[in-house]
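Undergrad: coords please:
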Amino acid sequence: MSFNDDESSEIGPSGPSKLESFLFSCELSSKVPFYTFQGDEEEDLEHFLELRTVCLGEGAKEENNVVEVTAMNHQGKTISVPIANLHIKCLPMVSLGEFELKAPVTIRLKAGTGPLTVSGLHLIASQGEESDLSDEDEDEDDEDDVPAIKPAKKKQRQQ
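TA: Down below sits the predicted model:
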C-alpha cells in the first residue's frame, strides 16, 4: 500500500482510513550510530516510515558510509538490509524514492563515521469512522457533480 497524499480516505476491510504525514529526519555518526523509529502503541493507528534520502553531512571523511535498516518482513521475521553506500567524492547523497517500512524500524550506520542524515516521512494511518469534516467534504463533492441526464419525455400527437 503506497501513501502519496497527506490525507486520504480509502475504504478498507475495517472501514475508511485517514492518513497523516509528518517530516522525519535523523542524523547518524560514530557517536550516534543507530536510530530506532517506533510508533505509538494505540490500537487504531499504524505507523510507517517512508525513507526518501540519505545524505552525507558536513565534515564527512573520505570513506565508505554504509547504512542499513532492520525491520520485519512479511513473515514477521526481523531482517537487516543495506540501503546506501555513500562516499563524499563519488556518491554523497542517494534518493530512495518512497521506501516504506512499518514500525518498528532501526536505521544503523554499519560502516564509516558519518555524519549523515536520513530523511523521509512519518506516516500515521488510522482506521475508524469518518469524521464530520469528511462528511462535509463529501457533501461538497456531491454539489459539484453534474446531474444525470434524463431522457426526454415523448409528446403525444393530437389527431
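
Undergrad: all helices for the chain, in order.
TA: For the chain, the helices defined by DSSP state H occupy 132-144.

Undergrad: just for the protein, where's the confidence low?
TA: Scanning the chain for pLDDT under 70 picks out 1-16, 128-159.

Undergrad: do that again at 80, thanks
TA: When residues are selected by pLDDT under 80, those of the chain lie in 1-17, 39-44, 127-159.

Undergrad: for it, what's the longest strand?
TA: Using DSSP state E to define each element, the chain has its longest strand at strand 15-28.

Undergrad: which stretches in the chain count as strands?
TA: Under the criterion DSSP E, the chain contains strands at 10-12, 15-28, 34-37, 45-56, 65-72, 78-86, 93-102, 105-111, 116-127.

Undergrad: quick one: strands adjacent to the second one?
TA: Counting by DSSP bridges, the strands paired with strand 15-28 are strand 10-12 (antiparallel), strand 116-127 (antiparallel).

Undergrad: next, the buried residues of that strand.
TA: For strand 15-28, burial by neighbour count (16 or more other Cβ atoms under 10 Å) applies to 16-19, 21, 24, 28. (C-beta placed from N, C-alpha, C; glycine too.)
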